[in-house]
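*Asks:* Take this sequence and fold it.
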Amino acid sequence: MYARRTISVPLYNTFYRFSMNQNNLTRSFCTAEQTQLVQEDQQNKLEEMEFEAPPPLNPPNIPMISEDCFAVVHLSGKQQKLTNGDIILTEKLVNTKVGDVIRLDKVLLIGTKDSTFIGTPRVKDAYVMAEVQEQTKADKIVIFKKKRRKGYQRFRGFRPHITVLRILG
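*Replies:* Residues are numbered from 1 along each chain as shown. The predicted structure follows:
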């Protein structure tokens, strides 16, 4: 069942009430007092809602990425297995400069010798810090097209932009 939504909007110094019920949109005239009552009611509902404090960034049960620990991180559409001190190549990360320290939040798995934390889909409150080492181009990728017995051959290539990251922990 669809809920009925009502909002009041001033248009050309006249207040209209728009109601949405299922797929029908209706417009009706309302007075300024009625609009003020609706707005006060919406404000009261917002004040009644309680906001929870965010959880701590480093909960005690999740280990830090150290020498004997690894993490699987979702980065640029791919999954990367990382340990402390690794240097990885990824697709170009926009809005980063050489020397920036970035935070990789999409941690899918953390593993140690003793335990493994598997996220559903991510491990809650886990992150990996990485430093941007270089923004460069990778080796050339060659696209070769051929149709046999027709004399058709095409060579095409490009060098994709990449970012080199060093994992800090």
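
*Asks:* Every contact and neighbour count from this point should use C-alpha atoms.
*Replies:* Will do.

*Asks:* correct me, but Val142 touches Pro160?
*Replies:* No - counting by C-alpha atoms under 8 Å, Val142 stays clear of Pro160, with 11.3 Å between them.

*Asks:* Just the terminal-to-terminal distance for stretch 114-132.
*Replies:* 31 Å (C-alpha to C-alpha, to the nearest Å).

*Asks:* same question, stretch 137-153
*Replies:* End-to-end span of stretch 137-153 (C-alpha to C-alpha): 26 Å.

*Asks:* Return the set of buried residues in stretch 96-107.
*Replies:* For stretch 96-107, burial by neighbour count (16 or more other C-alpha atoms under 10 Å) applies to Val101, Asp105, Lys106, Val107.

*Asks:* what does stretch 155-169 give?
*Replies:* Neighbour counts over stretch 155-169 (16+ other C-alpha under 10 Å) mark Ile162, Thr163, Val164, Leu165, Arg166, Ile167, Leu168, Gly169 as buried.

*Asks:* again, but for stretch 80-95
*Replies:* Across stretch 80-95, burial judged by 16+ other C-alpha under 10 Å covers Gln80, Leu82, Thr83, Asn84, Ile87, Thr90, Glu91, Lys92.

*Asks:* Out of the buried residues of stretch 155-169, the closest to Tyr127 would be?
*Replies:* Gly169 (8.6 Å; C-alpha to C-alpha).

*Asks:* Strands along the protein, start to end?
*Replies:* Using DSSP state E, the strands of the chain run over 5-11, 14-21, 24-29, 70-75, 78-83, 87-91, 101-104, 107-111, 116-118, 128-137, 141-147, 152-158, 161-167.

*Asks:* Tell me which other helices or strands the last one touches.
*Replies:* It refers to strand 161-167. If you count contacts as 3 or more C-alpha pairs under 8 Å, 6 or more residues apart in numbering; DSSP states H and E, strand 161-167 packs onto strand 87-91, strand 128-137.

*Asks:* Partner strands of the last one and their direction?
*Replies:* What it means is strand 128-137. strand 101-104 (antiparallel), strand 161-167 (antiparallel) (DSSP bridges).

*Asks:* Thr163 bridge partners, please.
*Replies:* Those that pair with Thr163 in a beta bridge, by DSSP bridges, are Thr90, Gln135.

*Asks:* do Ile143 as well
*Replies:* If you apply DSSP bridges, the partners that Ile143 bridges to are Arg156.
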